[in-house]
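>>> Have a look at this fold, sequence not included:
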């Protein structure tokens, strides 16, 4: 039986210890690529008047879950699985604010403050219950995305809104665009929408090419006394 010969410095190193080639060095040193983000969001949101009409239709609906659904999607910016997955036990108070514990993408948990109108809408949907989901179907079961889509389509008809299709993500889209239209800082909108990449938030800014909002004017006004 042949014995393995020990390696000596005069012999070439084994293949497993071969020095890296220029290509492997460049791959190891290259920074990770950021995902490609399209410049425009493919989702269509509601206009300001359409959003107001949808809120009114939800508020006047005999089913309190309708207004709670519209408020959670359009005024809190929740994703549909976050809204449907919210439970009564997730409602609480933090530093004097009524909050909702939201379980988002990747299992991340955040506390979202509830404006008074949203708080009242959720309380009406909860209707004195102490446990279970915040949003329910007519049968009393947890609302899912399919039921939510049907409810939103009915509200769109009642609000006389004509759209090719109505789905829950349109209200989250509207949440972002309405904030940007109202002049909320892009970074604050990104935090509220929980976008990991600011480019995702920028895709929703319908007025980002409007020169009236160009920061040059803000800087000039701030430095007016020196110019």
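Received it, and whenever you're ready, just let me know what you need. Every value quoted in this text rests on a predicted model; they were computed, and no experiment measured them.

>>> residue boundaries of the strands in this structure?
The residue ranges that make up the strands of the chain, judged by DSSP state E, are 91-94, 97-103, 109-113.

>>> Now for residue 135: which residues touch it?
With contacts defined as C-beta atoms under 8 Å, 6 or more residues apart in numbering, the neighbours of residue 135 are 65, 68, 69, 72, 83, 84, 86, 125, 142, 143, 148. Bear in mind the C-beta positions are built from the backbone N, C-alpha and C, glycine included.

>>> The fifth one contacts residue 71, doesn't it?
No - between residue 83 and residue 71 there is no contact under C-beta atoms under 8 Å: 9.4 Å.

>>> Now do stretch 116-123: everything it contacts.
Contacts to stretch 116-123, defined as C-beta under 8 Å, 6+ apart, come from residues 58-59, 64, 67-68, 70-72, 75-76, 91, 98, 100, 114, 134.

>>> Compare those residues and tell me which is most surrounded.
When neighbours are counted by other C-beta atoms under 10 Å, residue 72 leads the contacts of stretch 116-123 with 31 neighbours.

>>> residues contacting the residue nearest the centre of the chain?
For the chain, residue 193 is the residue whose C-alpha lies nearest the centre (C-alpha atoms, centre = their mean; 4.1 Å). Listed by C-beta under 8 Å, 6+ apart, the contact set of residue 193 reads 77, 172, 175, 176, 200, 201.

>>> quick one: which of the residues you listed is nearest to residue 49?
Out of the contacts of residue 193, the one with the shortest distance to residue 49 is residue 175. That distance is 15.9 Å, counting by C-beta to C-beta.
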